[in-house]
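> Sharing a model prediction with you, sequence too.
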There are 2 protein chains.
Amino acid sequence: MEDYKIGIDLGGTNIAVGIVTKDGSILSKKSVKTGSQRPFEEIVKDMADCTLSLLEENSISLENVSHIGIGAPGSIDTANGVIVYANNFKYGEHVPMANLLRKYIDKPVYIGNDANVAALGEVISGAAKGLKNAIMITLGTGVGGGIVIDGKIYEGQHSAGAELGHIMLVKDGEQCTCGRKGCWEAYASATALIRQTAKAMKDNPDSIMNQMTTPDNVSGRTAFEAARKGDKAGQEVVDRYIEYIAEGLIDMINIFRPEILIIGGGICNEGDYLLKPMRSYINKYVYAGSRLPEQKIAVAKLGNDAGIIGAAFLA
Amino acid sequence: MEDYKIGIDLGGTNIAVGIVTKDGSILSKKSVKTGSQRPFEEIVKDMADCTLSLLEENSISLENVSHIGIGAPGSIDTANGVIVYANNFKYGEHVPMANLLRKYIDKPVYIGNDANVAALGEVISGAAKGLKNAIMITLGTGVGGGIVIDGKIYEGQHSAGAELGHIMLVKDGEQCTCGRKGCWEAYASATALIRQTAKAMKDNPDSIMNQMTTPDNVSGRTAFEAARKGDKAGQEVVDRYIEYIAEGLIDMINIFRPEILIIGGGICNEGDYLLKPMRSYINKYVYAGSRLPEQKIAVAKLGNDAGIIGAAFLA
């Protein structure tokens, strides 16, 4: 009986492997360091070893495993199981991931983009459990996006869609890493928040943020902490940053009106301090406003487990 | 044998009715004035009369008709066949369209938003024939959008998605009719082009546009005509307007990477004068640029027939 699926979240820092049950829960998991500067053959061998030892520790034989799913960063050719390009791996170009892994474990291997896979994980077992149409936005170093329609990942031609951070927010605005100017990611990522905070510190020498840290050591929490202490400059950064997030989310709602809009990333730890004004801004400016029921917006529930579970459910 | 479907395009000016074959061609069509300021009972009676006389003229009995599909402007409750709100009809609120029409013709009635329906029409018989995933953008008074995924209209919860003109282009920019500031529609619609042209005329008294017309009588063609004659101010309007269109289309590609992106509306008559620089701008700034095959972009083929055919194929 093939009662289990293997889900692997291949990150730049860690490889997390999980044994996933048919109902979408993780029976057991284990992780090893990625070593992203190594040749991919070595990385894949560690993925396989980690998987096999996890199975052994749980006394589950390979016969009980239906397949392996992998969520990986970058551009993925899902049809052929290839990492086309993942910039945070030294050898992350044209990696025939599925074929490499099958040398060690003779099971079907499926691979998807990590942001798409995390969205699917939240649909299977997390914030969107029981729903079919969900958009997930992860506010991290960049702004990642995943689209689930009819219970399946929507990734577009060449698996190249769902680049939801790369929609325009300010024409001719901040330079984005993608080459365009003014992308949502260049305003709403944690990286952008840090840049906005550092600028506010320089522009406002009296801000308590300058007592808390130096512009070179700002974190995504600096402005929020200062705002909570009543700092005007910090509050302005927070207010503006929340608008930036909200504008992109309004775009997502106007485009998709999903059953649920999920947001993830460390910034969500700010809780209602972030979410309340964000919801209020969205309700004010979303298309058709109060003439339609309020859009359901939730914080991601599964954290890194979303990647494992979503990967396992690629098939 | 139910060999035929009826498709009705309910516009603000005309009601166009077509007999549509199973393979998606229009056997015969007919139209009557809408009279959008009349009570909806009268409008619906004319829709029914037009349909019945069209069938009679073609010697087709109602027994040979499987159903009636309607594309209508505004917010549509497709599940219940109701026009929730269509601002260009005097009595366009909470119109139980399907039930009203069934009083006259006892057939199943389906209703969809006109932009969505036109996109479906292009997939069935037009620029996207044979494809499954298409995005259609219509540049008219506003910027309309339709999403077809897996051969079906994607409309989101409460049929309220696919408001593709209402994504942000310039944060805190031009006021949009939807209440938000800086929507794509406020820059890329024909209405916006006219506003941009009129402003350029006032700012450039020497422009030949001021000999061609007055700022109050500008059309969507004025700047293009002037540019073709070598007018600098006209060329600047055109160049900037093409950028506005392209930026939103890049968003669509980054989000959907559809098999085909279709653009419609009168502006497409400018042909390569519009399309060539637009494609070149898109190729330069789309995510992953030349690392991926060029996005297929085509001009809508069916004109108003897309609405009839798409409506007929709502079921």
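Perfect, I can see it now. Remember, predicted model here, so these are calculated numbers, not experimental data.
> Show the pLDDT at A:K103.
At A:K103, the predicted lDDT confidence score is 97.
> What ranges does chain A have for its strands?
Assigned by DSSP state E, chain A shows strands spanning A:4-10, A:14-21, A:26-33, A:65-72, A:75-77, A:82-85, A:93-95, A:109-113, A:134-139, A:143-149, A:152-153, A:260-264, A:297-299.
> Give me the mean pLDDT for the third one.
In this model, strand A:26-33 has an average pLDDT of 98.
> Put the alpha carbons of it into CSV.
Coordinates of the C-alpha atoms in strand A:26-33 are reproduced here as CSV (Å, rounded to 0.1, in the frame of the first residue of the first chain):
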residue,chain,number,x,y,z
ILE,A,26,3.5,15.4,8.2
LEU,A,27,4.2,12.1,9.9
SER,A,28,7.9,12.9,10.5
LYS,A,29,10.4,15.3,9.1
LYS,A,30,14.1,15.8,9.0
SER,A,31,16.5,18.4,7.6
VAL,A,32,20.1,18.7,6.4
LYS,A,33,22.2,21.7,5.3
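> Neighbouring strands - and their directions - for that strand?
If you go by DSSP bridges, strand A:26-33 pairs up with strand A:14-21 (antiparallel).
> Report the buried residues of the partner strand.
Going by neighbour count (16 or more other CB atoms under 10 Å in any protein chain shown), the buried part of strand A:14-21 is A:I15, A:A16, A:V17, A:G18, A:I19, A:V20. For the C-beta atoms, the positions are set from N, CA and C on the backbone; glycine is no exception.
> what's across from the second one in the sheet?
Legend: beta-bridge partners of A:A16 under DSSP bridges are A:D9, A:S31.
> re earlier: switch the strands of chain A over to a markdown table; also include distance to B:L101.
Below are the strands of chain A laid out as a markdown table (distance: least, CB to CB, whole Å):
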| stretch | distance to B:L101 |
| --- | --- |
| strand A:4-10 | 49 |
| strand A:14-21 | 50 |
| strand A:26-33 | 53 |
| strand A:65-72 | 48 |
| strand A:75-77 | 48 |
| strand A:82-85 | 51 |
| strand A:93-95 | 56 |
| strand A:109-113 | 45 |
| strand A:134-139 | 35 |
| strand A:143-149 | 30 |
| strand A:152-153 | 35 |
| strand A:260-264 | 34 |
| strand A:297-299 | 37 |
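> Nearest to B:I135, out of those?
Of all those, it is strand A:143-149 that lies closest to B:I135, at 13.1 Å by CB to CB.
> quick revisit: and B:A115, which of the strands of chain A is closest to it?
strand A:143-149 (18.6 Å).
> Okay, angle between that closest one and strand A:109-113 too, please.
Here the directions of strand A:143-149 and strand A:109-113 differ by 120 degrees (axes from the mean of the first three to the mean of the last three CA atoms, to 10 degrees).
> Partner strands of strand A:143-149, with direction?
strand A:134-139 (antiparallel), strand A:152-153 (antiparallel).
> So which of the ones you listed is nearest B:T222?
Counting by CB to CB, B:T222 lies closest to strand A:134-139 out of the strands paired with strand A:143-149; the figure is 39.8 Å.
> which other residues reach that closest one?
If you take CB atoms under 8 Å, 6 or more residues apart in numbering or on different chains as the criterion, strand A:134-139 is touched by A:115, A:118-119, A:122-123, A:128, A:143-148, A:164-165, A:188-190, A:245, A:248-249, A:252, A:256, A:258-268, A:300.
> if you set the cut-off to 7 Å instead, what comes out?
Outside strand A:134-139, the residues within contact range by CB atoms under 7 Å, 6 or more residues apart in numbering or on different chains are A:115, A:118-119, A:122-123, A:128, A:143-148, A:164, A:188-190, A:245, A:249, A:252, A:256, A:258-265, A:267, A:300.
> how about that strand as CSV, C-alpha atoms only?
The C-alpha coordinates for strand A:134-139 follow below in CSV (Å, rounded to 0.1, in the frame of the first residue of the first chain):
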residue,chain,number,x,y,z
ALA,A,134,-6.4,30.7,-3.2
ILE,A,135,-3.7,33.3,-3.8
MET,A,136,-0.7,33.3,-1.5
ILE,A,137,1.7,36.1,-1.1
THR,A,138,4.9,35.7,0.9
LEU,A,139,6.6,38.9,2.0
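> Nearest to A:R228 among the buried residues of strand A:14-21?
Using CB to CB, these come closest to A:R228 at A:A16, 33.0 Å.
> Roughly how far does the closest residue to A:I263 other than its chain neighbours sit from chain B?
Excluding the flanking residues, the one nearest A:I263 by CB to CB, 6 or more residues apart in numbering or on different chains is A:I137, at 5.2 Å. To chain B, A:I137 is 12 Å away according to CB to the nearest CB, to the nearest Å.
> can you pull up the bridge partners for A:I137?
Taking DSSP bridges as the rule, A:I137 bridges to A:G145, A:I263.
> tell me, how many neighbours does it end up with?
Counted with other CB atoms under 10 Å in any protein chain shown, residues neighbouring A:I137 total 25.
> give me the number of residues near the residue of the stretch 1-150 of chain A found nearest chain B?
Going by CB to the nearest CB, chain B is nearest to A:I149 of the stretch 1-150 of chain A, at 6.1 Å. Neighbour count of A:I149, defined by other CB under 10 Å: 18.
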